[in-house]
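Student: take a look and give me a structure for this.
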Amino acid sequence: MDANGEFDVNSLSQRDKQELQQFIQNETQKSKLQQSVHNLTDICWTKCVTGSIKSGKLDKSEESCARNCVDRFLDANFLVIKQLEGMRGQ
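Tutor: Here you go, the predicted structure:
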């Protein structure tokens, strides 16, 4: 760190730069996954939970709806990923 409390990345060794880059990539992926989970929760909650929750649990129809919502979301994501990988391979 310099006198201003700033860090000069150029002072890192090549190995340290690679580790920092890998760390940043990992944190970015974790953030994207958390955002996807948040979006999925919001979508499926809005779609499936129609009343108030009094017992601390979803009723059977809400639970089934939420499970199906998550499954369809994952199916759609896997299909998109597969298509993109296929396009990349061409």
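Student: list the contacts of Gly86.
Tutor: Listed by C-beta atoms under 8 Å, 6 or more residues apart in numbering, the contact set of Gly86 is empty. Bear in mind the C-beta positions are built from the backbone N, C-alpha and C, glycine included.
Student: where does it land on pLDDT?
Tutor: pLDDT recorded at Gly86 is 87.
Student: what's the answer for the one 4 residues further on, then?
Tutor: The confidence metric pLDDT takes the value 69 at Gln90.
Student: please apply the same query to Ala3.
Tutor: On the pLDDT scale, Ala3 gets 55.
Student: with Cys44 instead?
Tutor: Looking at Cys44, its pLDDT reads 94.
Student: for it, the count of nearby residues, please.
Tutor: Residues within reach of Cys44, counting by other C-beta atoms under 10 Å, total 19.
Student: once you drop chain neighbours, what's closest to Lys57?
Tutor: The spatially closest residue to Lys57, leaving aside those adjacent along the chain, is Glu63, at 7.8 Å (C-beta to C-beta, 6 or more residues apart in numbering).
Student: does that neighbour count as helix, strand or coil?
Tutor: Of the three states, Glu63 takes helix according to DSSP: H, G, I helix; E, B strand; the rest coil.
Student: so that it lines up with my notes, have the first residue be 9 from now on.
Tutor: Happy to do that; since the first residue is 9 now, the last one works out to Glu71.
Student: look up how far Ser39 lies from it.
Tutor: 29 Å (C-beta to C-beta, to the nearest Å).
Student: between those two, which one's more packed in?
Tutor: Here Glu71 and Ser39 are compared on neighbour count by other C-beta under 10 Å; more neighbours surround Glu71, at 13 against 10.
Student: so Lys55 touches Arg75, yeah?
Tutor: No: using C-beta atoms under 8 Å, Lys55 is not in contact with Arg75, being 11.9 Å away.
Student: now the helices: where do they sit in this structure?
Tutor: In the chain, the helices defined using DSSP state H lie at 22-56, 68-97.
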